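*Asks:* kindly return the folded structure for what I paste below:
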Amino acid sequence: MMLLRRILFILFCLAYVIFCPLIILNTLGIVISPQHRQNIVKTGLVYLSTLPPGARVYLSRYRYPQKTPTMIRNLPPGQYSLKVELKNYRPWQKIVSVEKEKATVLENIILIPERWDARLLDLRAFETLLPVANGSLFLIRQGPLLKDCTIFRATSGKPEPAMPPQAGVPDGTALIPLTVSHSPYGDAKILSLVTARDSSCLLAHAVYKGQEHFLWFDLKPKPPVMRDVSNLFLQKPDGISWDPEDPQNIFLSEGSILHRLDISTSAVFPKLAEGIRGFGLFRQRIYALTENNEFIKMDFEGTAQDIILRDTRPVFGDIEKDVRFDIHVLADDVIVMLGEKGELLSNRLPYRLEETGVRGFAFDAPTKRLAFWTDRKIGLVEFSRPSAEKLFDKELWVTWLEINGKNIEQAFWVNRGDYLLYRDQDKIFLREIKTSGAPLTQELLTVKRNSAVVFSETNGRLYYLDDRDHTLMSIQLVPPYELFSFPRSGEKNHGAGTEPLPEEGP
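*Replies:* Predicted coordinates for the structure are as follows:
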């Protein structure tokens, strides 16, 4: 018996001497790896979460016991094949790098269903969609007349009932006619529809009984409020814009002259400024590029002018005098100018982001990232670097995505800048942006040719017209609650408590 006790004591001591240091090292993120020359190496980790959660994780062909969201610790530095699988969803797979003492973070990976659970919203065939107010509202056109236009309100919860239930269509579709049934302007033929960024107002240029009319719509009330403001338009303008913070003031450009219309008082303020070759509005201020190559800022009265740049030529170079620009002030320190020929200029070096061919852009305010596109490619610019004292300073870098597009016409930021959704001809694609490893691009679905789509940040849904029947459809791209509650670097949910998340490596 005494001998047995000695043997057990010796075995216990040996186990303590061998395993206790291993446990301590493992706790400190250090493991013994025969594959490395040093044998003892510092480790890294991989944190990943998916939308939806609950996916199985495979790391280099080995199935990890926990499902997403999860953290895989104590990984020796190197390349790993990572695969995520969830029933009824496409597998997600890529090669990721793990560095010592760093976390490889793959947050909120959007898993694409094998088959979309598309929702039919209306049985009628439509021509196209017109995004309004960043997707919280949009207009659906069925024909050339104002009465052929319907408003859709994207809500975060169940859409409110607006039209009588139709056979085969879910109850509660938020469809509201643009004009009331007794309005004489319902038969007016649409010439153009003008919207402004972040605004729920709309200006329609239409012909009714042989006369041209300018009709101002406020789409927030139910039904929308319409007002004929034709008497304020002295002649057809070249450009129209208004500030979302003050939609009662409409600004018109007529050649190089800028006018202001006050909708609330039906007042016209002609020749507010002259010698203007481009203007934009931001927080009740006018930003303008003059024919004298000055970049100025002034109030809505045209007074209190502040010359930001006395000579834009050292910044932008020689700009053709006949080229007009739309100026967009996207934040206090972010300005971009889009020319008639697709020139894209900014207030940061190298100032000329693209010489020609730019069709449009999308700005993600929280991350201060700009996506702009030509027919073939998409460029990304980060304005998030600290801005200098001067508005025109600091340097930018343009990252071109290898898209090889055919006819790119729209793009939207998704999931707080982690993804870019874009439409190329009649195909919808989702491209990873903020990710570890090579970014993935996945085709989502086919839509009606030559018709816009709308992504709503309000509820995470994509609205489109079916490619066959041209009916209004929607799919849930991102769960609505994830738009506001998904974890970010710093903390992640672990049941009742929280655990700090290590900083992501460069």
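*Asks:* how about the contacts made by Pro223?
*Replies:* Neighbouring residues of Pro223 by Cβ atoms under 8 Å, 6 or more residues apart in numbering: 176-177, 180. Where C-beta positions appear, they are placed from N, C-alpha and C, glycine not excepted.
*Asks:* now list the buried members of the residues you listed.
*Replies:* Neighbour counting with 16 or more other Cβ atoms under 10 Å marks 176-177 as buried within the contacts of Pro223.
*Asks:* ok, of the contacts of Pro223, which one's closest to Leu234?
*Replies:* Val180 (28.9 Å; Cβ to Cβ).
*Asks:* tell me which element the closest residue to the closest one other than its chain neighbours is part of?
*Replies:* Using Cβ to Cβ, 6 or more residues apart in numbering and skipping the chain neighbours, the partner closest in space to Val180 is Pro223 (5.5 Å). Here Pro223, judged by DSSP states H and E, is contained in no helix and no strand.
*Asks:* would you map the strands across the stretch 51-200 of the chain?
*Replies:* 56-59, 62-64, 70-75, 78-85, 92-98, 103-110, 119-122, 128-132, 137-141, 149-153, 175-177, 189-194 (DSSP state E, counting those that start in this stretch).
*Asks:* could you do the stretch 301-450 of the chain as well?
*Replies:* 306-309, 325-331, 334-339, 344-346, 352-354, 360-364, 369-373, 378-382, 398-401, 408-414, 419-424, 427-432, 441-446.
*Asks:* of all those strands, which one is nearest Leu130?
*Replies:* strand 408-414 (11.7 Å).
*Asks:* which elements pack onto that closest one?
*Replies:* Secondary-structure packing of strand 408-414 (3 or more Cβ pairs under 8 Å, 6 or more residues apart in numbering; DSSP states H and E): strand 360-364, strand 369-373, strand 419-424.
*Asks:* would you turn these into CSV with distance to Ser253?
*Replies:* Below are the helices and strands packed on strand 408-414 laid out as CSV (distance: least, Cβ to Cβ, whole Å):
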stretch, distance to Ser253
strand 360-364, 20
strand 369-373, 23
strand 419-424, 29
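*Asks:* any low-confidence regions in the stretch 401-506 of the chain?
*Replies:* Applying pLDDT under 70 to the stretch 401-506 of the chain picks out residues 481-506.
*Asks:* go again with 50.
*Replies:* 482-506 (pLDDT under 50).
*Asks:* so for Asp332, which of the strands of the stretch 51-200 of the chain sits nearest?
*Replies:* So among the strands of the stretch 51-200 of the chain, strand 128-132 is nearest, using Cβ to Cβ, at 24.8 Å.
*Asks:* and the closest one, how far from the chain's centre?
*Replies:* 16 Å (Cα atoms, centre = their mean, to the nearest Å).
*Asks:* for stretch 126-140, same thing?
*Replies:* 15 Å.
*Asks:* which residues are contacting it?
*Replies:* Contacts of stretch 126-140 (Cβ under 8 Å, 6+ apart): 122, 141-143, 149-154, 175, 178, 193, 195, 197-200, 202, 219, 412, 448, 450-458, 463-465, 470-472.
*Asks:* do you know how far Ile319 is from Tyr351?
*Replies:* According to Cβ to Cβ, to the nearest Å, Ile319 stands 11 Å off from Tyr351.
*Asks:* same check on Glu320?
*Replies:* Counting by Cβ to Cβ, the gap from Glu320 to Tyr351 is 16 Å.
*Asks:* the two: who's more crowded?
*Replies:* Tyr351 (17 against 10; other Cβ atoms under 10 Å).
*Asks:* pretty sure the more buried one sits against Phe316.
*Replies:* Yes - counting by Cβ atoms under 8 Å, Tyr351 touches Phe316, with 5.6 Å between them.
*Asks:* common neighbours of those two, please.
*Replies:* Joint contacts of Tyr351 and Phe316 (Cβ under 8 Å, 6+ apart) are Leu345.
*Asks:* gap between Asn183 and His213?
*Replies:* I think there's a mix-up here, since residue 183 is Ser and not Asn. 12 Å.
*Asks:* who has more neighbours out of the two?
*Replies:* His213 (19 against 16).
*Asks:* list the contacts for the closest residue to the more buried one other than its chain neighbours?
*Replies:* Excluding its sequence neighbours, the residue lying closest to His213 (Cβ to Cβ, 6+ apart) is Ser230, at 4.7 Å. Ser230 makes contacts with 212-215, as judged by Cβ under 8 Å, 6+ apart.
*Asks:* picking up where we left off before, CSV for the strands of the stretch 51-200 of the chain, including mean pLDDT and distance to Glu355?
*Replies:* Output for the strands of the stretch 51-200 of the chain, formatted as CSV (pLDDT from 0 to 100; distance: least, Cβ to Cβ, whole Å):
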stretch, mean pLDDT, distance to Glu355
strand 56-59, 94, 45
strand 62-64, 90, 49
strand 70-75, 92, 45
strand 78-85, 94, 39
strand 92-98, 92, 34
strand 103-110, 91, 34
strand 119-122, 91, 41
strand 128-132, 91, 27
strand 137-141, 92, 32
strand 149-153, 91, 37
strand 175-177, 87, 43
strand 189-194, 95, 27
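*Asks:* out of the ones you listed, the one nearest Gly339 is which?
*Replies:* That would be strand 189-194 among the strands of the stretch 51-200 of the chain, by Cβ to Cβ, at 18.9 Å.
*Asks:* make TSV out of the strands of the stretch 301-450 of the chain and add mean neighbour count.
*Replies:* Compiled in TSV, the strands of the stretch 301-450 of the chain are given as follows (neighbours: other Cβ atoms under 10 Å):
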stretch	mean neighbour count
strand 306-309	14
strand 325-331	19
strand 334-339	22
strand 344-346	25
strand 352-354	18
strand 360-364	19
strand 369-373	23
strand 378-382	19
strand 398-401	14
strand 408-414	21
strand 419-424	23
strand 427-432	20
strand 441-446	15
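*Asks:* adding distance to Tyr89, write these out as JSON lines.
*Replies:* Below are these laid out as JSON lines (distance: least, Cβ to Cβ, whole Å):
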{"stretch": "strand 306-309", "distance to Tyr89": "50"}
{"stretch": "strand 325-331", "distance to Tyr89": "35"}
{"stretch": "strand 334-339", "distance to Tyr89": "37"}
{"stretch": "strand 344-346", "distance to Tyr89": "37"}
{"stretch": "strand 352-354", "distance to Tyr89": "37"}
{"stretch": "strand 360-364", "distance to Tyr89": "26"}
{"stretch": "strand 369-373", "distance to Tyr89": "26"}
{"stretch": "strand 378-382", "distance to Tyr89": "26"}
{"stretch": "strand 398-401", "distance to Tyr89": "24"}
{"stretch": "strand 408-414", "distance to Tyr89": "17"}
{"stretch": "strand 419-424", "distance to Tyr89": "16"}
{"stretch": "strand 427-432", "distance to Tyr89": "13"}
{"stretch": "strand 441-446", "distance to Tyr89": "11"}
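*Asks:* and Arg56, which of those strands is closest to it?
*Replies:* Nearest of the strands of the stretch 301-450 of the chain (Cβ to Cβ): strand 441-446, 19.1 Å.
*Asks:* just the CA atoms of the closest one, as PDB, please.
*Replies:* What follows is strand 441-446, C-alpha atoms only, in PDB (Å, rounded to 0.1, in the frame of the first residue of the first chain):
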ATOM      1  CA  THR A 441     -18.500  38.900 -54.500                       C
ATOM      2  CA  GLN A 442     -21.700  37.000 -54.800                       C
ATOM      3  CA  GLU A 443     -24.600  37.300 -57.200                       C
ATOM      4  CA  LEU A 444     -27.900  37.600 -55.400                       C
ATOM      5  CA  LEU A 445     -30.700  37.700 -58.000                       C
ATOM      6  CA  THR A 446     -31.900  39.000 -61.400                       C
END
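*Asks:* convert stretch 209-224 to CSV, retaining C-alpha atoms only.
*Replies:* Output in CSV follows, covering the C-alpha atoms of stretch 209-224 (Å, rounded to 0.1, in the frame of the first residue of the first chain):
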residue,chain,number,x,y,z
LYS,A,209,-53.7,70.2,-70.9
GLY,A,210,-50.8,71.4,-73.1
GLN,A,211,-49.2,73.5,-70.3
GLU,A,212,-46.1,72.7,-68.3
HIS,A,213,-46.4,72.6,-64.5
PHE,A,214,-44.0,72.3,-61.6
LEU,A,215,-45.7,70.4,-58.8
TRP,A,216,-44.1,70.2,-55.3
PHE,A,217,-44.9,67.1,-53.2
ASP,A,218,-44.2,66.5,-49.5
LEU,A,219,-44.3,62.7,-49.3
LYS,A,220,-44.4,62.4,-45.5
PRO,A,221,-48.1,63.1,-44.9
LYS,A,222,-50.8,60.6,-45.8
PRO,A,223,-51.9,61.3,-48.4
PRO,A,224,-49.0,63.3,-49.7
